[in-house]
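In: structure for the following, please:
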Amino acid sequence: MKIRLRDIFLKYPLLDRFRRSVLVGVCKNGTLFSTSTYPVTAFYPPETRPYLDNIWQENQAADHSKPAIFAIYHGRMVGLPGLRPKSKLTILISNSRDGEIIARALKEIGFSTARGSPAHGGVRGALEMKTAAKAESRLAMMVDGPRGPRYEVKPGLVRLAEITGLPIIPFVTHTRQNYWMDSWDNFMAPFWCTPMLYIFGHPIDIPKGISAEESDSLTRLLQTRMDKMREMAASFFEGAERHNYKP
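Out: Sure, this is the predicted structure:
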């Protein structure tokens, strides 16, 4: 009989709590150390500029960006620490066991989180995000979470945008050198000091009271745009290498 290490931890609550604490510490400290070394190149259209004003500044008082929902891939969360100030970004995280580790690490880094997913606590999560939006916080949601399929946009994001009244900003991250983890989301773990690329798409406004067909159409639109952005991001460093690009 095959015994999984995860099953052993689940059998002993104290051991499982220790495991989670260790993973939270690794995620937090690894993220803070690594992101401080990344040289970042960002591309965005003029229409998106108002949502990014001073977004990389830690000084919250100097920030004048308009609130929006950033749509990101579950496996590309490494770009989140770049969305500053951290205290004005609320991220929707699933209620799963893995989600608990991610949520705790993000809170210790300085972000706000809301907990919920279509399978677990979706209503509560949506209400927390709506409350955050009323407080003029930016929002972020993993489009393909919590369990994929990888890179497939779920309809819940369009519904959240309708509820909050905020536009959706597609956001794709890529790096020159990284390790692709063997997980359902193919998580991208960048090497230290490697150049990082941010690509922000055009804002997508979601009207109130849209039909199910209109919601599906807008979800497909977001899917198409993020697919193209992911392809652009993947080819960016390939072209940079050919032209000896150095950020």
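In: neighbours around Lys88, how many?
Out: Under the neighbour criterion other C-beta atoms under 10 Å, Lys88 is assigned a count of 19. The C-beta positions use only the backbone N, C-alpha and C, and glycine is treated the same way.
In: show me where this structure has strands.
Out: Using DSSP state E, the strands found in the chain span residues 40-43, 69-72, 89-93, 112-115, 138-142, 168-175, 178-180, 188-190, 196-200.
In: other SSEs contacting the first one?
Out: For strand 40-43, the helices and strands in contact under the criterion 3 or more C-beta pairs under 8 Å, 6 or more residues apart in numbering; DSSP states H and E are strand 196-200.
In: same list (the strands of the chain) but as JSON lines, adding mean pLDDT.
Out: Shown next, in JSON lines, are the strands of the chain (pLDDT from 0 to 100):
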{"stretch": "strand 40-43", "mean pLDDT": "91"}
{"stretch": "strand 69-72", "mean pLDDT": "97"}
{"stretch": "strand 89-93", "mean pLDDT": "91"}
{"stretch": "strand 112-115", "mean pLDDT": "88"}
{"stretch": "strand 138-142", "mean pLDDT": "94"}
{"stretch": "strand 168-175", "mean pLDDT": "96"}
{"stretch": "strand 178-180", "mean pLDDT": "91"}
{"stretch": "strand 188-190", "mean pLDDT": "88"}
{"stretch": "strand 196-200", "mean pLDDT": "94"}
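In: correct me, but Lys208 touches Ile163?
Out: No. At 9.1 Å, Lys208 does not count as touching Ile163 under the criterion of C-beta atoms under 8 Å.
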